[in-house]
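> give me coordinates for this.
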Amino acid sequence: MELARVWFVLVALLKAFMSIPLSMFYPYGTPSHDTPLPQNDDGSSSEIHINSSFPFFNISHRSLFVNTNGDLTFLSSLSSYTPSPFPYQQNSQIVAIYWGDIDTTNGGDVWYRETQDSVFLQKASTEIHSSFPRQSGFNASWAFVTTWSNVAFFGADTIGKRRRCTFQCVLVTDGEHSFVILNYYKVQWTTGTSNSGDASTGLGGTPAQVGFDAGDGIHYYAVPSSRTPDIINITHMSNVGIPGKYIFRVDLAFLEQSSLNECDGKVCLHDGTCQDSVGLSTWRCNCLSGFTGKLCETGKKCLPMVLYVRKKLIQTYARNPMVANNENPSNIWVRVKNIPCSADDGQIQRALEEKNCIVHKINRERLRVDGRLTNCQTGDRFAICDPIPTPLPKTLLIGKYRAIVLHKGQEDTQKTVKCNKCLQEGHKLFECPNDWVCRTCGGSGHKSNYCTTCPNDWLCQTCGKSGHTAQYYLSNSKNRFTFNKQIHVVSETVEKQDSNNQNNQSKENPKASDTNSTDEKRQVRKAKRQKAKKDKQHRSSGDQQSMDHFLKEAFRTPSQKPNDETRTRNKQNATTPTDELHAREEPVKN
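All right, here's what the predicted structure looks like:
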């Protein structure tokens with residue numbers, strides 16, 4: 001009774017989540033002494049003989065096969081990677097947990113074991129009692145648990161290999177009645193590339209199949225949304241009121257499901273209502289106008305209110321009409337700022353996935369007015385991602401844009417990241433917060449306390465120009481700046497006087513003025529050419545003298561060289577630029 005009460009409390013808690021947590025799976029893996037299936041593509045185990053008969057559609061079986069592609073079979077192994085519709089083939093008795101093109105060589109493991117552990121069996125019995133009240137006397141005596149842990153799909157590229165699925169199947173029996181428990185923790189892909197799926201997303205083509213086939217061509221069952229894109233939402237669906245969990249009775253000729261109201265486990269989005277119906281297609285979401293999809297997740301149109309902004313009619317919404325809140329609560333929301341509306345969402349997704357962030361969806365932020373959303377986009381993006389092992393960097397280069405990336409729990413580990421255009425090179429990185437976009441020291445976006453001095457090790461690109469003042473200079477720089485400014489003022493005064501004189505002359509004699517102006521220009525050009533010629537000759541003669549001196553010293557005979565005393569005296573009195581340079585470069589002793 002105590003275990004039963006605990007189970008009902010857990011059920012109530014699980015209804016608040018969007019998928020069954022991994023901690024609620026039955027134990028599996030090496031700690032549970034499971035047998036691993038070797039990593040392979042389209043492989044199967046050898047025939048596994050079991051210690052108890054397992055009734056399946058009125059036929060008892062004493063052996064089974066574990067198949068890599070997400071299913072169990074009783075009569076023979078199954079290597080088909082294409083999830084075919086039911087009924088499949090004659091004498092093919094199949095339990096399709098998530099029948100798709102799984103390739104564990106790309107990642108993941110398949111574990112299985114047979115158990116008669118009392119704690120394990122008691123937990124399974126309690127689950128069955130809560131879902132099938134008429135089976136209150138059922139006591140499990142045997143179980144077989146198979147777990148596909150973090151498995152990848154066939155043909156996945158580097159990005160696609162990050163998309164994984166984790167699900168579990170438990171066969172339970174007391175020798176007479178038998179049940180199948182299905183648990184789904186994570187489903188991030190539906191299709192392999194051999195079935196026309198996308199190599200990066202694992203979507204498209206022929207999606208996975210979930211259900212049962214008796215192999216007689218008559219009795220079979222497929223979970224609603226099987227072999228459709230909506231099967232990726234199976235972690236949110238259930239037939240026992242717990243998202244991500246299914247329980248079926250399979251010993252009879254027909255399949256029996258829980259008698260509970262199945263809408264307890266459905267989450268219809270955008271204010272849709274769940275309708276419980278009779279038959280195997282047990283429920284559906286009645287969507288409001290403008291929304292479609294299995295869970296009303298797709299918005300085609302919205303019923304807007306209106307708002308006048310600057311005499312323009314703006315539609316407003318109570319919520320973002322393009323956001324479907326059907327994500328697993330364990331996912332994180334990553335906000336990407338400083339990106340224009342014209343930027344490609346796919347480019348943003350690729351940039352995030354390069355940082356080990358598996359992106360499920362990217363939504364666009366809309367302008368908010370008085371707490372309501374408008375149909376005007378701000379350019380910011382919200383990416384729904386899986387939890388990441390390490391925080392994303394605060395700044396991320398996306399194409400030609402340097403975006404700001406923010407998410408819950410992010411640590412400021414990027415203190416040495418150079419912020420966008422902050423004084424360009426030479427700025428001390430720790431004085432440039434990551435979320436600033438500052439162009440000039442003291443200008444827009446810069447706090448004054450970060451720009452009070454100009455240290456020697458800075459290369460201030462705009463020192464003395466717009467955005468800088470004299471306080472940023474060293475004393476010698478200030479004097480030089482003042483001197484240059486005085487010269488500049490004097491030259492401007494002289495130029496103004498010359499200009500006034502020329503204007504007066506031109507008014508008195510226009511023709512003479514034009515002639516004089518032309519002659520003056522010619523003289524100026526001639527003087528410049530002569531000066532350039534002299535400078536060139538001076539540099540050539542200097543270079544030639546240096547070369548002659550070098551050759552003379554290099555090829556001097558020993559008899560021409562001075563003795564040791566003379567050489568020592570000359571060395572002590574050396575004042576050549578080279579000696580002075582070496583003297584300056586010599587390290588100072590402490």
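
> longest strand in the protein, by residue count?
strand 372-385 (DSSP state E).

> what is that strand packed up against?
strand 305-309, strand 312-317, strand 332-337, helix 345-353, strand 359-369 (3 or more Cβ pairs under 8 Å, 6 or more residues apart in numbering; DSSP states H and E). Every C-beta, even on glycine, is put in place using the N, C-alpha and C of the backbone.

> skipping adjacent residues, who's closest to Gln188 in space?
Nearest non-adjacent residue to Gln188, counting by Cβ to Cβ, 6 or more residues apart in numbering: Arg163, 4.1 Å away.

> how many other residues sit next to Lys355?
When neighbours are defined as other Cβ atoms under 10 Å, Lys355 has 15 of them.

> domains in the chain, by residue range?
2-263, 323-407, 423-428+435-480 (automatic domain parsing).

> can you tell me which of the ones you listed is most buried?
Of the domains of the chain, the one with the most neighbours on average (mean count of other Cβ atoms under 10 Å) is domain 2-263, at a mean of 19.

> run through the bridge partners of Lys361.
For Lys361, the beta-bridge partners are Ile384 (DSSP bridges).

> touching, it and Ile384? I think so.
Yes - using Cβ atoms under 8 Å as the test, Lys361 is close enough to Ile384 to be in contact (4.7 Å).

> can you pull out the low-pLDDT segments for the stretch 351-500 of the chain?
Across the stretch 351-500 of the chain, the ranges flagged by pLDDT under 70 are 368-375, 408-500.

> and Ser32, its phi and psi?
phi -100, psi 10 (degrees, to the nearest 10).

> skipping adjacent residues, who's closest to it in space?
Ser32 sits nearest to Arg113 (Cβ to Cβ, 6+ apart), 6.6 Å away.

> kindly export the helix or strand hosting the one you found (C-alpha atoms) in PDB.
For Arg113, the element it lies in under DSSP states H and E is strand 109-115. Provided in PDB are the C-alpha atoms of strand 109-115 (Å, rounded to 0.1, in the frame of the first residue of the first chain):
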ATOM      1  CA  ASP A 109      23.400   1.800 -27.000                       C
ATOM      2  CA  VAL A 110      20.800  -0.900 -26.900                       C
ATOM      3  CA  TRP A 111      20.500  -2.800 -23.600                       C
ATOM      4  CA  TYR A 112      18.300  -5.700 -22.600                       C
ATOM      5  CA  ARG A 113      17.800  -8.200 -19.700                       C
ATOM      6  CA  GLU A 114      15.400 -10.700 -18.300                       C
ATOM      7  CA  THR A 115      14.500 -10.200 -14.700                       C
END
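
> elements contacting it?
strand 35-37, strand 48-56, strand 142-151.

> try 10 Å
strand 35-37, strand 48-56, strand 59-67, helix 118-131, strand 142-151, strand 165-173 (3 or more Cβ pairs under 10 Å, 6 or more residues apart in numbering; DSSP states H and E).

> between the second one and strand 59-67, how many degrees?
Pointing back at strand 48-56 there. Strand 48-56 and strand 59-67 are oriented at 130 degrees to each other (axes from the mean of the first three to the mean of the last three Cα atoms, to 10 degrees).

> mean confidence score for strand 48-56?
What strand 48-56 shows for mean pLDDT is 95.

> tell me the angle that strand makes with strand 165-173.
Comparing the axes of strand 48-56 and strand 165-173 via the same axes, to 10 degrees yields an angle of 70 degrees.

> tell me the strands beside strand 48-56, with direction?
Short version: by DSSP bridges, strand 48-56 pairs with strand 59-67 (antiparallel).

> next: the last one.
Strand pairing for strand 165-173, using DSSP bridges, gives strand 142-151 (antiparallel), strand 178-187 (antiparallel).

> how about the last one as PDB, C-alpha atoms only?
Below are the C-alpha coordinates for strand 178-187, written out as PDB (Å, rounded to 0.1, in the frame of the first residue of the first chain):
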ATOM      1  CA  SER A 178       0.700  -9.900 -20.200                       C
ATOM      2  CA  PHE A 179       1.300  -6.100 -20.600                       C
ATOM      3  CA  VAL A 180       3.700  -3.900 -22.500                       C
ATOM      4  CA  ILE A 181       4.900  -0.700 -20.800                       C
ATOM      5  CA  LEU A 182       6.500   2.000 -23.200                       C
ATOM      6  CA  ASN A 183       8.500   4.900 -21.800                       C
ATOM      7  CA  TYR A 184       9.700   7.800 -23.900                       C
ATOM      8  CA  TYR A 185      12.200  10.300 -22.500                       C
ATOM      9  CA  LYS A 186      13.700  12.000 -25.600                       C
ATOM     10  CA  VAL A 187      12.700  11.900 -29.300                       C
END
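
> next structured bit after that strand?
strand 209-213.

> for that following strand, packing partners?
Strand 209-213 sits against strand 71-73, strand 94-99, strand 178-187, strand 220-222, strand 245-249, with contacts defined as 3+ Cβ pairs under 10 Å, 6+ apart.

> turn the ones you listed into JSON lines, including distance to His49.
Shown next, in JSON lines, are these (distance: least, Cβ to Cβ, whole Å):
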{"stretch": "strand 71-73", "distance to His49": "14"}
{"stretch": "strand 94-99", "distance to His49": "17"}
{"stretch": "strand 178-187", "distance to His49": "17"}
{"stretch": "strand 220-222", "distance to His49": "26"}
{"stretch": "strand 245-249", "distance to His49": "24"}
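
> alright, that wraps it up for me.
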